[in-house]
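S.K.: Sequence plus predicted model, see below.
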Amino acid sequence: MGYSIKTKKTIAYHIIFWLSYMVLGALMDFGRNPKHFSVNVLDMFFTHFPNMVVFYACFLAYIKFLHPIKTLNLILSLSTIYVLAISLWLSNKFFIAPLIHPNKINSSATPFDAFRFCIEVFWLFLMYAFFSFGYYYMRKSIKSERKQRIMEKEKYEAEYAFLRSQINPHFLNNTLNFLYAKSIPLSDELSEGIMVLSEIMKYSLEIDKDDKTTLISSEIEHIKNVIKINQLRFNNKLQINFVVNGPTDSVRIIPLILITIVENILKHGICTDAAHPATVVLNIGEGGSICLRTFNKKKKGPKEFSSGIGMDNIKKRLSHFYEKSFSIDILDTEADYTIELKIEQLATATRFENNIYTKRNSIINENLIYPYPI
């Protein structure tokens, strides 16, 4: 199995580190006793081999049991590594060292003290386990910083794409105002459509462009205008129920979130079937929580081109602004498409709206019971 270039570089860096570490240790020995200094590559390697095993074994234990922390498993794994270190040092002392230095005289050596030996190995174990712990957190910190940079880059790219989308509307908005004035004597329906479209463009230009919030009542009015202009497109045959339940004053949301979801319905859903109308229900809690549920049948033919900021961008903006205080669930089947967006936030509210858009026109019904399961 081949390794990636990144993995090969990491292995090379580790090899270079340990070779440098061994050379530094040899230089320190030379500085202490230059007259009797000698270099034995095998002796250098096997002297540090148990320490390297402890370092990497502890690193794997930290990865597996430290986040989220599993205290018992971590203690058992570190204890096992300590026993392994004792076994390696015993093998080094009684089997490997005599092979490397067969002529070394051991008759004058002090008797083997098992307790002292375990204490010395424990000290080495603690030192390299600590080094491994530092290396683990260094890697974790670097990964976290890289992830943060990627998130910032995605945020700037989303903002740039959003700003680019505002270039054409400036020209279109001015043009629409001119066309509206010219169309008044010709057709009431045409002039009304141009006026609504002008309001849509005006809202898109005026909202904040850096994920700051806007009043949800403004977003609701924007949705109404988009539905209204699409009613004209469909010759007043559009079948979409838009229901708002709850107080809207003082409740805020980042702009162009809700409308993008509604636009997806208008572009990709069946919106002229009276038996299966598209539904959009917006519930606002007293504390400012927001829940948007939508349902629509899907078109079987070719879909319309979408030039909005897109669902992927919506998820990134929600994640950036609300972090973990939101959820979005999408159920996509061959026949229909359902979205449930929930946002938890604190806000005050003073107004209650319950609005529904039905065939041919929009009506307000204070006591409406939503007729479709969502």
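M.R.: On my side now, so go ahead.
S.K.: Going by C-alpha atoms from here, please, whenever you check contacts or count neighbours.
M.R.: Will do.
S.K.: What are the boundaries of the strands in this protein?
M.R.: Assigned by DSSP state E, the strands in the chain fall at 214-215, 240-245, 252-253, 269-270, 278-284, 290-298, 326-332, 336-343, 355-358, 361-364.
S.K.: Measure how the fifth one sits relative to strand 336-343, angle-wise.
M.R.: Interaxial angle, strand 278-284 versus strand 336-343 (axes from the mean of the first three to the mean of the last three C-alpha atoms, to 10 degrees): 10 degrees.
S.K.: Render the CA-only coordinates of strand 278-284 in PDB, please.
M.R.: C-alpha atoms of strand 278-284 as PDB (Å, rounded to 0.1, in the frame of the first residue of the first chain):
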ATOM      1  CA  ALA A 278     -46.000  23.500  -1.900                       C
ATOM      2  CA  THR A 279     -45.900  24.400   1.800                       C
ATOM      3  CA  VAL A 280     -43.700  26.800   3.800                       C
ATOM      4  CA  VAL A 281     -44.400  27.100   7.500                       C
ATOM      5  CA  LEU A 282     -42.400  29.500   9.700                       C
ATOM      6  CA  ASN A 283     -42.800  29.100  13.400                       C
ATOM      7  CA  ILE A 284     -41.300  31.800  15.700                       C
END
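S.K.: in the protein, which spans are helices?
M.R.: In order along the chain, the chain carries the following helices (DSSP state H): 5-32, 41-65, 71-91, 97-100, 114-164, 167-183, 188-206, 216-233, 258-268, 311-322.
S.K.: so which of these comes closest to Leu292?
M.R.: helix 258-268 (7.9 Å; C-alpha to C-alpha).
S.K.: low-scoring pLDDT stretches of the stretch 51-200 of the chain, where are they?
M.R.: Confidence mapping of the stretch 51-200 of the chain against pLDDT under 70 gives the ranges 103-110, 160-174, 176, 178.
S.K.: Could you tell me the phi and psi values at the closest residue to Gln231 other than its chain neighbours?
M.R.: Distances taken as C-alpha to C-alpha, 6 or more residues apart in numbering put Leu238 closest to Gln231, at 5.4 Å, once the chain neighbours are dropped. Dihedral pair for Leu238: phi -70, psi 130, per degrees, to the nearest 10.
S.K.: Can you redo the helices of the chain as TSV, where the extra columns are mean neighbour count?
M.R.: As requested, those are arranged in TSV below (neighbours: other C-alpha atoms under 10 Å):
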stretch	mean neighbour count
helix 5-32	13
helix 41-65	18
helix 71-91	16
helix 97-100	14
helix 114-164	14
helix 167-183	14
helix 188-206	18
helix 216-233	19
helix 258-268	19
helix 311-322	16
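S.K.: Minimum distance to Val243: which of those has it?
M.R.: With C-alpha to C-alpha as the yardstick, what comes closest out of these is helix 216-233 (10.1 Å).
S.K.: packing partners for the closest one?
M.R.: Helix 216-233 is packed against helix 188-206, helix 258-268, with contacts defined by 3 or more C-alpha pairs under 8 Å, 6 or more residues apart in numbering; DSSP states H and E.
S.K.: right, and these - which one's nearest Thr279?
M.R.: Taking C-alpha to C-alpha as the criterion, helix 258-268 is the member of those that comes nearest to Thr279, at 9.0 Å.
S.K.: tell me the mean pLDDT for the closest one?
M.R.: Per-residue confidence for helix 258-268 averages out to 84 on the pLDDT scale.
S.K.: quick check: angle from it to strand 336-343?
M.R.: Taking the same axes, to 10 degrees, one finds that helix 258-268 is oriented at 180 degrees with respect to strand 336-343.
S.K.: Would you mind giving both backbone torsions of Asn235?
M.R.: When read as degrees, to the nearest 10, the backbone of Asn235 gives phi 50, psi 40.
S.K.: what's around it, how many residues?
M.R.: Burial measure for Asn235: 9 neighbouring residues, criterion other C-alpha atoms under 10 Å.
S.K.: now it: how far from Ile261?
M.R.: Applying C-alpha to C-alpha, to the nearest Å, the value for Asn235 to Ile261 is 22 Å.
S.K.: that older thread, what's around the residue nearest to Gln231, how many residues?
M.R.: Here the number of neighbours of Leu238 (other C-alpha under 10 Å) works out to 26.
S.K.: shift numbering so it begins at 6
M.R.: In the new count, where the first residue is 6, that last one comes out as Leu243.
S.K.: Now that it has come up, it's in contact with His281, right?
M.R.: No - applying C-alpha atoms under 8 Å as the test, Leu243 and His281 come out as separate, 11.4 Å apart.
S.K.: ok, Glu349 - contacts?
M.R.: Contacts for Glu349 were tallied using C-alpha atoms under 8 Å, 6 or more residues apart in numbering; they are 293-295, 330-331.
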